[in-house]
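J.: A predicted structure for the sequence below; I have some questions about it.
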Amino acid sequence: FTSTRDMRGPLTYLLLCGVAVGVVAGEDHQHPRPWAGKTKSGALTEENQDFWLQKGEDELQEALSLKPNTNLAKNIILFIGDGMSLPTVTAARVYKGQQAGNSEGNSAQLSWEKMPNVGLSKTYDADYMVPDSAATAFAMYSGVKTTGYTMGYDNTIDYLKPGSALNATPVTTILDWAQEAGKKTGFVTTTRMSHATPGALYAKTVSRFWECENDVVVDVEDGLLTQDEVDKHKPEDITLQLVESEAGKKIDIMLGGGRASWLPREKTRWDYNTDDWNCTRWDGRNLIEEWKGNHTGGVYIENRTELMEMDMNNTESVLGIFTNSYVTWDDLVNDTNDKPRLEDMAVQAVKFLQAKSGSEGYFVMIEAGRIDAAHHNGQAVRALSETLAFDKAVEEVLRLVDLNDTLVILTADHSHTMTIGGYTGREQDITGVVKEADGKVDLGEDGKTFTVLSYGNGPGFMQLNGTGIGDFNFIDRDTMEEDATAGMSYLQASAAPVGSETHGGDDVGIWAAGPMAHLFHGVHEQSYIGHVMSYAACIGPQKDRQRCKEYADATGK
């Protein structure tokens, strides 16, 4: 005998599967008709014919006035919104406008949406339709797509097989190209310094998850590889590569989280919400002290105060690690915890590189990594909050740079399954339930509300309960009140029960400004980003182009 309580998880899933079959097999569903339209607010009543004709004319004139910038890119800034899908961008735009006090947030604008050149990026990798962050980041940095969950090689590498590295083809990245050209380099991340996006700049590994020795040990214990393979091939963890590799040693400024993998310590297993991370160094080495020994003119910092008071004139290199695991959520940063925001780290990194780079220029990657983490948690509003933190960082960095000689690219590594749904009116809160323009609350077939934001899969599903055997009417949904709004930790509904919401396989946006930014113009392979950076700066695989030779002849470089 199985009680109803014991059956609730499987029962709910079967009920929803039945609903899905019923919808496919049932009658054609028509667009629902709204009730009588309500009177528009003052702002919306002004959007008449004259308004839209003038708006279109202004936008057209702006487009007609654009001229390609064919200068050499002395500096390159690559912004990556980890997991920042196009629906995330749209929702964040609306959220930004509404947070500013405008009930109609749709017409707001994010900082990168002012950039004149826009394209789309196809994010699939060598073997996955829906990719991970390591392979996608590496494609952008190197111009070469690779095997999922790996970095540093082309598709001849095999995930979790250390022996495959013996015959795999190693590939260089924008970090190598920039350093070879004498540029100063750096990266900023709100994840860990050994995480997939920053790690793909400097590391070569068959597993992006090997951030420290303990990760390798755990994989052996779990039977994912053998101790014989480890003993034979001696794979180096990613943090160790950051400290010991030539590329890692030459990085001038690194700001982010992940202190645990630098130190011999033991903690509980990490998750997206705590600062605990079991990344023990079994070798007993203190890599922070080793970094200091390799950078005698460098400085190690641990909090916002030290970051903002950094003496750039008398500092040669910077290592800033602010947390044991991921950098603190932006909504939890305050004066008491003395943690930096992404804006603080991004601005200080660019100022430092500007002060140190001279005529050769610099390259820096700046990642808003916790957009992705919030989506994995099923917390859509927190993902939007992290996106707005990214927006502020981009806005402030753009104030510092000269687009005549600085190529700025902003993109995402992959998408997520969050979507914006319902026939939602323009003046309805995007963090709330679906209400139409006439103010009518839309209800599901079960007579309950549903939210504007939801996920294709994720933990939100597991808030559902089955109350009996039958159709969807026996599903007890945890619904939001009509006039309520979601907080940072609210779990939006999802269509499948997945403990950590997954990435999505749809294209992501590319926004660009500065030298050669006009080369982003349509739908591109994600690896194309690396080629544009190489061509624009005359470094790496494109450095022998005719324009580069002409520049070298003219400048004597």
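T.: It's in.

J.: Report the mean confidence score over stretch 234-246.
T.: Stretch 234-246 shows a mean pLDDT of 97.

J.: One more: stretch 496-516?
T.: On average, stretch 496-516 scores 97.

J.: buried residues in it?
T.: By neighbour count on 16 or more other Cβ atoms under 10 Å, the buried set for stretch 496-516 is 496-498, 501-504, 506-516. (C-beta placed from N, C-alpha, C; glycine too.)

J.: and if you look at stretch 473-481?
T.: 475-477, 479-480.

J.: now swap in stretch 438-452 and tell me
T.: So stretch 438-452, judged by 16+ other Cβ under 10 Å, has buried residues 440, 442, 449-452.

J.: which stretches of the stretch 51-200 of the chain form helices?
T.: All helices of the stretch 51-200 of the chain, identified by DSSP state H, counting those that start in this stretch, fall at 86-99, 133-142, 174-180, 196-202.

J.: Save the ones you listed as a markdown table, and put in mean neighbour count, mean pLDDT and distance to Trp277 too.
T.: What follows is the helices of the stretch 51-200 of the chain, written out as a markdown table (neighbours: other Cβ atoms under 10 Å; pLDDT from 0 to 100; distance: least, Cβ to Cβ, whole Å):
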| stretch | mean neighbour count | mean pLDDT | distance to Trp277 |
| --- | --- | --- | --- |
| helix 86-99 | 21 | 98 | 26 |
| helix 133-142 | 29 | 98 | 17 |
| helix 174-180 | 23 | 98 | 25 |
| helix 196-202 | 29 | 98 | 15 |
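
J.: Quick check: Asp331 vs Met84, distance?
T.: 17 Å (Cβ to Cβ, to the nearest Å).

J.: Name the residue in these two with the higher neighbour count.
T.: Set side by side, Asp331 and Met84 show more neighbours around Met84, with 28 against 16, by other Cβ atoms under 10 Å.

J.: ranges for the strands of the stretch 151-300 of the chain?
T.: 184-192, 253-257, 298-301 (DSSP state E, counting those that start in this stretch).

J.: Just the residues contacting stretch 101-114, thanks.
T.: The contact list for stretch 101-114 (Cβ atoms under 8 Å, 6 or more residues apart in numbering) reads 41, 43-44, 79, 89, 92-100, 387, 391-392, 394-395, 398, 410, 426-427, 429-430, 511.

J.: Show me the shaky parts of the stretch 51-200 of the chain.
T.: Scanning the stretch 51-200 of the chain for pLDDT under 70 picks out nothing.

J.: go with 90
T.: 102-104 (pLDDT under 90).

J.: Now that we have the buried residues of stretch 438-452, can you turn them into TSV and tack on distance to Leu263, pLDDT and secondary structure?
T.: What follows is the buried residues of stretch 438-452, written out as TSV (distance: Cβ to Cβ, whole Å; pLDDT from 0 to 100; DSSP: H, G, I helix; E, B strand; the rest coil):
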residue	distance to Leu263	pLDDT	secondary structure
Lys440	57	92	coil
Asp442	52	94	coil
Thr449	48	95	strand
Phe450	46	95	coil
Thr451	42	96	strand
Val452	43	97	coil
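
J.: Out of those, flag the one nearest to Glu211.
T.: Using Cβ to Cβ, Thr451 comes nearest to Glu211 of these, at 34.7 Å.

J.: Could you measure from the closest residue to Leu224 other than its chain neighbours over to Ala139?
T.: Among residues not flanking Leu224 along the chain, Leu160 sits closest, at 5.7 Å (Cβ to Cβ, 6 or more residues apart in numbering). Leu160 is 20 Å from Ala139, where distance means Cβ to Cβ.

J.: what's the answer for Ile469, then?
T.: In terms of Cβ to Cβ, Ile469 sits 48 Å off from Ala139.

J.: and if you look at Gly421?
T.: 30 Å.

J.: Let's have the strands of the stretch 151-300 of the chain in TSV, adding distance to Thr156 and mean neighbour count.
T.: Below are the strands of the stretch 151-300 of the chain laid out as TSV (distance: least, Cβ to Cβ, whole Å; neighbours: other Cβ atoms under 10 Å):
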stretch	distance to Thr156	mean neighbour count
strand 184-192	26	27
strand 253-257	29	27
strand 298-301	36	17
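
J.: Adding distance to Asn313, write the ones you listed out as JSON lines.
T.: Below are these laid out as JSON lines (distance: least, Cβ to Cβ, whole Å):
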{"stretch": "strand 184-192", "distance to Asn313": "15"}
{"stretch": "strand 253-257", "distance to Asn313": "14"}
{"stretch": "strand 298-301", "distance to Asn313": "12"}
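
J.: Go through those strands and name the closest to Gly456.
T.: Short answer: strand 184-192, nearest of these by Cβ to Cβ, at 23.1 Å.

J.: so what does the closest one touch, helix or strand wise?
T.: helix 174-180, helix 196-202, strand 253-257, helix 342-357, strand 362-368, helix 370-377 (3 or more Cβ pairs under 8 Å, 6 or more residues apart in numbering; DSSP states H and E).

J.: and of these, who's closest to Ala63?
T.: Judging the helices and strands packed on strand 184-192 by Cβ to Cβ, what sits closest to Ala63 is strand 362-368, at 27.7 Å.

J.: which helices and strands sit right next to that closest one?
T.: strand 75-81, helix 174-180, strand 184-192, helix 196-202, helix 342-357, helix 380-400.

J.: In its sheet, which strands sit next to that strand, and in what direction?
T.: strand 75-81 (parallel), strand 184-192 (parallel) (DSSP bridges).

J.: now that strand, how far from the centre of its chain.
T.: From the chain centre to the centre of strand 362-368 is a distance of 12 Å (Cα atoms, centre = their mean, to the nearest Å).

J.: any idea of the mean pLDDT for that strand?
T.: On average, strand 362-368 scores 98.

J.: check contacts around Lys204.
T.: 151-153, 165, 170, 241.

J.: switch the cut-off to 10 Å
T.: 138, 150-153, 157, 165, 168, 170-171, 173, 235-236, 238, 241, 245, 247 (Cβ atoms under 10 Å, 6 or more residues apart in numbering).

J.: Whichever of those end up buried, select them in PyMOL.
T.: Buried residues among these (16+ other Cβ under 10 Å), as a PyMOL selection:
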select buried, resi 138+150+151+152+153+157+165+168+171+173+235+236+238+241+245+247
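
J.: The helix or strand hosting Leu319 pairs with which strands, and in what direction?
T.: Assigned by DSSP states H and E, Leu319 belongs to strand 317-321. Note on strand 317-321: by DSSP bridges, its sheet partners are strand 253-257 (parallel), strand 298-301 (parallel).

J.: Now that we have those, can you turn them into JSON lines and tack on distance to Ala200 and mean pLDDT?
T.: JSON lines is the format used below for those (distance: least, Cβ to Cβ, whole Å; pLDDT from 0 to 100):
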{"stretch": "strand 253-257", "distance to Ala200": "14", "mean pLDDT": "98"}
{"stretch": "strand 298-301", "distance to Ala200": "23", "mean pLDDT": "98"}
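
J.: Compare those and give me the one nearest Gly530.
T.: strand 253-257 (20.8 Å).

J.: could I have that closest one exported to CSV, CA atoms only?
T.: C-alpha atoms of strand 253-257 as CSV (Å, rounded to 0.1, in the frame of the first residue of the first chain):
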residue,chain,number,x,y,z
ILE,A,253,44.5,41.9,-12.3
MET,A,254,42.1,39.2,-11.2
LEU,A,255,39.0,40.0,-9.2
GLY,A,256,36.3,37.5,-8.1
GLY,A,257,35.5,34.7,-5.7
